[in-house]
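S.K.: coords below, sequence missing:
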RNA sequence: GGGCGCGUGGCCUAGCUGGAUAUGGCAGCAGCCUCCUAAGCUGCAGGUCGGGGGUUCGAAUCCCUCCGCGCUCGCCA
């Protein structure tokens, strides 16, 4: 049990005993207020009714009945609250020891032996990743890292939609449109080149009935299993995917598994799902198409039908998605899907259908709202997009300029390397710092913010700590906090002690923005300490303070690691 | 129209399983490099927590209602 847990237990034990002495039933809340007020507080308002006395009086009475010793350093009544302070030095010593002992594993939860599959990104291979969708890989990757830190075995997976009209349309375009009639991207990446074919193909399909017919027949041949068309589509999708993977790599996102949707047609599992669904009592037919009636499952709206075959018996995306999830469940204990908010209804239907199929596992969706532009929604088809590649380039370039303003002692290569770390970090942090369900409007000046609540702020603090430790040379770490008496030092120690709880919250409750907020808090505590307390020039306290810097560096590194953001040793 | 989500200082945001003066940041103003990286630090200013009802000792938080924004309601993916 951690020190904080045993403190909590002890408080509970003593409050229970005191209430018993007052002939009151021990029904009360325990909360953690701001750390400058108390470590643990019990509001006495609820007890006031029971005891027919004012909360202030009750708090005073309880305070007089409870002695401060052991893990409890102080008991105080204030404003109708009974406030407890834990033995700070015990906590601080414990924190320092823990960080020095565990290093990069400080805050890591116990290995759980539970395998979680996190599916994320999964954007259609019809165009480059744009900022509207960029939340997906960044949220997915960050969540995966936080879950690993919690002690789960995590596998990340990209579900490639290589089936259906969109990708066939693109394939038609690539193979039938005269390249000289298509705009060229100045970026030498297949996803950027190919998207122009996609746009032209879309336009021509809308305008020319002959093109529409051609694409329809191609789609038909694809679904009939024509190897020639399948090969062509696969080729195009592979090219697109190579571009998408390169983009992901540039923001330090790599996925463990790529699963192609066409697999579930080829291996017959999608057909199998159709067969099984048709045997259920919820199945109905309309004009030859099979559907599930979901009105008894809490689905509202005009249409409670979940159609799972076309009238020619071929499968739909949702059918294959069912087969995919059943397959995935066989490979993990839990499955988390990071999805755009447009998938909400579909996902709800998917979960019900899985239940009808008798699946014991359910996917756990995590939704995010789309990023829009000030002038409206982003659209690959219309070309009203900001591409992630362009955002990254711009961010890295900006970071490079900033380094140039500050440093003249670095090589070109060093500057480029640091610029990349900072630029990419800034973009990732900016997305992860807000709750996923908040709708976001993309603005260049906000996306490229390097001050305040930003990745460079955390990175700067880390680099600062590194620099101090470099200058300090060898020293003996002091795993004892008795020389750290300053308020700035105490606040920093308190922040450091909170990290394990933040790991738990970010993974277990899937609040990855809590990790970002914590990083900001820790960096701020450190910078304040830095400004107020001399370290290298101090005498008796030097080793103690250097230990504090060392521990801060370790925890900042762990935070940045959870966020998937690089930790530059200088900047 | 139905469902789901969001609405917090000029802008972004935390808090939302009810509790003490509503958290940070950006932009603004005023200071701080003879000391460990000023991408930093200190201070000032800025709030009807969308509006209105209700529940409660207590509401940003729960309930009702209205308003605004987003997503969605395909034999698309």
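M.R.: Ah, there it is. Please read these numbers as outputs of a predicted model, since none were measured by experiment.
S.K.: where does the stretch 151-300 of chain A get nearest to RNA strand B, residue-wise?
M.R.: residue A:164 (2.5 Å; Cβ to the nearest atom of the strand). Glycine gets a C-beta too; all of them are placed from N, C-alpha and C.
S.K.: hang on, that residue packs against residue A:317?
M.R.: Yes: Residue A:164 is in contact with residue A:317 according to Cβ atoms under 8 Å; the separation is 6.3 Å.
S.K.: name the residue in these two with the higher neighbour count.
M.R.: residue A:164 (18 against 15; other Cβ atoms under 10 Å).
S.K.: phi, psi of that one?
M.R.: Main-chain torsions, residue A:164, degrees, to the nearest 10: phi 110, psi -180.
S.K.: quick one, grab the pLDDT at it.
M.R.: You'll see residue A:164 listed with a pLDDT of 87.
S.K.: next one: residue A:301
M.R.: Note on residue A:301: pLDDT of 66.
S.K.: please, where are all the strands along the stretch 201-350 of chain A?
M.R.: Under the criterion DSSP state E, counting those that start in this stretch, the stretch 201-350 of chain A carries strands at the ranges A:257-260, A:283-286, A:289-293, A:305-307, A:334-340.
S.K.: please apply the same query to chain A.
M.R.: Listed in chain order, the strands of chain A (DSSP state E) span residues A:40-43, A:72-78, A:81-86, A:115-119, A:153-160, A:257-260, A:283-286, A:289-293, A:305-307, A:334-340, A:363-368, A:371-372, A:440-441.
S.K.: so does the first one get close to RNA strand B?
M.R.: So that's strand A:40-43. Yes: applying Cβ under 7 Å from any atom of the strand, one finds strand A:40-43 touching RNA strand B at A:41, A:43.
S.K.: near RNA strand B, which residues of the stretch 1-150 of chain A show up?
M.R.: The interface of the stretch 1-150 of chain A toward RNA strand B, taken as Cβ under 7 Å from any atom of the strand, is made up of A:29, A:31, A:33, A:37-38, A:41, A:43, A:45-46, A:48-49, A:78-79, A:81, A:83, A:124.
S.K.: got a list of what residue A:364 touches?
M.R.: With contacts defined as Cβ atoms under 8 Å, 6 or more residues apart in numbering, the neighbours of residue A:364 are A:334-337.
S.K.: one more pass at 7 Å, please.
M.R.: Under the criterion of Cβ atoms under 7 Å, 6 or more residues apart in numbering, the neighbours of residue A:364 are A:334-336.
S.K.: let's see the pLDDT reported for the closest residue to RNA strand B within the stretch 401-550 of chain A.
M.R.: For the stretch 401-550 of chain A, the residue positioned closest to RNA strand B under Cβ to the nearest atom of the strand is residue A:452, at a distance of 2.0 Å. According to the model's per-residue confidence, residue A:452 sits at a pLDDT of 94.
S.K.: count the neighbours of it for me.
M.R.: The number of residues packed near residue A:452 is 9, by other Cβ under 10 Å.
S.K.: show me what contacts it?
M.R.: For residue A:452, no contacting residues are found, by Cβ under 7 Å, 6+ apart.
S.K.: cool, and residue A:94?
M.R.: With Cβ under 7 Å, 6+ apart as the criterion, the residues that contact residue A:94 are residue A:3.
S.K.: what about residue A:21, how many neighbours?
M.R.: When neighbours are counted by other Cβ under 10 Å, residue A:21 comes out with 11.
S.K.: next one: residue A:131
M.R.: Applying the criterion other Cβ under 10 Å, we find 22 residues in the vicinity of residue A:131.
S.K.: separation between it and RNA strand B?
M.R.: Between residue A:131 and RNA strand B the distance is 15 Å, computed by Cβ to the nearest atom of the strand, to the nearest Å.
S.K.: look at the closest residue to that residue other than its chain neighbours and report its pLDDT.
M.R.: Nearest non-adjacent residue to residue A:131, counting by Cβ to Cβ, 6 or more residues apart in numbering: residue A:386, 4.6 Å away. Residue A:386 carries a pLDDT value of 92.
S.K.: can you check the one 3 residues further on too?
M.R.: Confidence per residue is given as pLDDT, and for residue A:389 that number is 96.
S.K.: measure it to residue A:565 for me?
M.R.: According to Cβ to Cβ, to the nearest Å, residue A:389 and residue A:565 sit 19 Å apart.
S.K.: tell me how many other residues surround the nearest residue to residue A:433 once chain neighbours are set aside.
M.R.: Using Cβ to Cβ, 6+ apart and skipping residues adjacent in sequence, the residue nearest residue A:433 is residue A:516, 4.2 Å away. Applying other Cβ under 10 Å, we find 28 residues neighbouring residue A:516.
S.K.: my read: residue A:516 touches residue A:430, true?
M.R.: No: Residue A:516 sits out of contact with residue A:430 when judged by Cβ atoms under 7 Å, with a separation of 9.3 Å.
S.K.: just for chain A, where's the confidence low?
M.R.: Counting by pLDDT under 70, the low-confidence segments of chain A come to A:301-302.
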